[in-house]
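Student: Sharing a model prediction with you, sequence too.
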Amino acid sequence: MNGLAPNGVSPFLLYRPGNRARSGKRVCMREQAQARAGTQLDLRRKRRLGESLIQGLLFVAGILSIFTTAAIVYELGKEAMLFFGNPDVTFAKFFGATKWQPGIGQYGIWALVSATLTTSLIAILVSLPLGLASALYLSEYASPKARGILKPILEILAGIPTVVYGYFALLFVTPILKNFLGDNIQVYNMLSAGLVMGIMILPLISSMSEDALSAVPRSLREAAYAMGATKLESSLQVVLPAALSGIGAALILGISRAVGETMIVAVAAGSGPNFSFNPLEAAETMTGHIARISGGDLSYNSIDYTSLFAIALMLFLVTLMLNLVSQWVVNRFRERYE
């Protein structure tokens, strides 16, 4: 016996108090690591359970959205078929005529579509340059303090009830226009309604455009500065083209919002179908006509009653098409950065 352990280490070294303390410390640290591993495993299980619950709720919300859309289409289509099932109603009269009086056999939808297109076009001509300019300023030029003040003020416009906008157009904007245009403009007109609609959708276009501009990587701006571009040149020639898909989506959604607006045109544009693209004249949009006629005494299944659903179905299809075009524009022209 040479007094050594099988591994050649003296037993006095193996059983020194310091070695025993270090061994106990390693065991303690190992136990703590195992405890932490078990705790992390439990946390991961809880996170998966929560994520599954949230995923299930989102799935139910999606199903409810699809069901609601399908129910709307079903009800509109069912009632609209009663209108188109009338022997006196033909697609040639509906899409080819320019007078709308279903009660006396005039079914030209263009009398309502023309006013809808006119007011929507005026609204976009107002909101697009103003919204894009404000988005560029907030995204590229405004200081954090100025942005914190101006952005909430701009978004306040989105919270004003549309009926307030309607009376603002009738009682404030129209008198100003009459001071400049005199008797050439009627009391109820599409111009004042379109101008105020442009103010109404301004926050929508500005907010979405600013998000698109802010999503452009800063490296593109720095590269433009490195090439000697000024801030204005960088904003207009680099940042703006890179955010074009988001701006296009904002434009199309703004058009959809303008097409579906009711109270502004019902109050300020007029209350009679009139096939005209002259913004100085009174006319009635599709939504304004629905609001006016549905408030009267209508018998169920009468031609005036079922015509409202035909108008509503066409309005739904127009807005749906615009939203689909918006999605296509976003996907088609989206810039992907690495």
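Tutor: Received the coordinates, thanks.

Student: So which residues of this protein form strands?
Tutor: For the chain, the strands defined by DSSP state E cover 100-101, 106-107.

Student: Looking at the ones you listed, spot the one closest to Ser139.
Tutor: Set against Ser139 and scored by C-beta to C-beta, these come closest in strand 100-101, at 44.2 Å. Just so you know, the C-beta spots here come from the backbone N, C-alpha and C atoms, and that holds for glycine as well.

Student: what does the closest one rub up against?
Tutor: Defining contact as C-beta atoms under 8 Å, 6 or more residues apart in numbering, one finds that strand 100-101 is touched by Gln106, Tyr107, Gly108, Ile109, Ala111, Leu112, Pro273, His289.

Student: Out of these, the closest to Ile153 would be?
Tutor: Once C-beta to C-beta is applied, the member of the contacts of strand 100-101 that ends up nearest Ile153 is His289, at 34.7 Å.

Student: my guess is the closest one contacts Leu112, does it?
Tutor: Yes - here His289 reaches Leu112: they are 5.5 Å apart, a contact under C-beta atoms under 8 Å.

Student: circling back: what's the closest of the contacts of strand 100-101 to Phe95?
Tutor: Using C-beta to C-beta, Ile109 is the member of the contacts of strand 100-101 that sits closest to Phe95, with 6.5 Å.

Student: Does that closest one touch Leu315 like I think?
Tutor: No - counting by C-beta under 8 Å, Ile109 sits too far from Leu315 to count as a contact (10.3 Å).

Student: Distance check, the residue nearest in space to the middle of the chain against Trp328.
Tutor: The residue lying closest to the centre of the chain (C-alpha atoms, centre = their mean) is Leu253, at 5.7 Å. For Leu253, the distance to Trp328 (C-beta to C-beta, to the nearest Å) stands at 13 Å.

Student: can you check Ala97 too?
Tutor: 32 Å.

Student: do Ile153 as well
Tutor: The separation that Ile153 has from Trp328, given C-beta to C-beta, amounts to 34 Å.

Student: Count residues in the vicinity of Ala115, would you?
Tutor: A total of 32 residues lie near Ala115 under the criterion other C-beta atoms under 10 Å.

Student: Identify the residues contacting it.
Tutor: The neighbourhood of Ala115, defined by C-beta under 8 Å, 6+ apart, consists of Met190, Val265, Ala269, Gly270, Pro273, Asn274, Ser276, Ala283, Glu284, Thr285, Gly288.

Student: Please report the distance of the closest residue in space to the third one that isn't next to it in sequence from Val187.
Tutor: Beyond its immediate neighbours in the sequence, the residue positioned closest to Ala269 (C-beta to C-beta, 6 or more residues apart in numbering) is Ala193, lying 4.0 Å away. Between Ala193 and Val187 the computed distance is 12 Å (C-beta to C-beta).

Student: okay, these two: which has more neighbours?
Tutor: Per other C-beta under 10 Å, whichever of Ala193 and Val187 has more neighbours is Ala193, with 34 against 12.

Student: Could you verify my assumption that the more buried one touches Val265?
Tutor: Yes - in this structure, Ala193 sits in contact with Val265. The criterion is C-beta under 8 Å, and the distance is 5.0 Å.

Student: any shared contact partners between the two?
Tutor: Listed as contacting both Ala193 and Val265 by C-beta under 8 Å, 6+ apart are Thr119, Gly166.

Student: about what we covered before: for the residue nearest to the centre of the chain, which residues are in contact?
Tutor: Contacts for Leu253 (C-beta under 8 Å, 6+ apart) come out as Leu204, Met208, Leu322, Asn323, Ser326.

Student: how about 7 Å then?
Tutor: The contact partners of Leu253, taken as C-beta atoms under 7 Å, 6 or more residues apart in numbering, are Leu204, Met208, Ser326.

Student: What is the neighbour count of the first one?
Tutor: Other residues near Leu204 number 20, with proximity taken as other C-beta under 10 Å.

Student: again, but for the second one
Tutor: As a burial measure, Met208 scores 19 neighbours (other C-beta under 10 Å).

Student: Next one: it from Pro279, what distance?
Tutor: For Met208, the distance to Pro279 (C-beta to C-beta) stands at 26 Å.

Student: now do the last one
Tutor: Ser326 sits 26 Å away from Pro279, going by C-beta to C-beta.

Student: Ok, Thr262 next?
Tutor: Distance check for Thr262 against Pro279: by C-beta to C-beta, it reads 19 Å.
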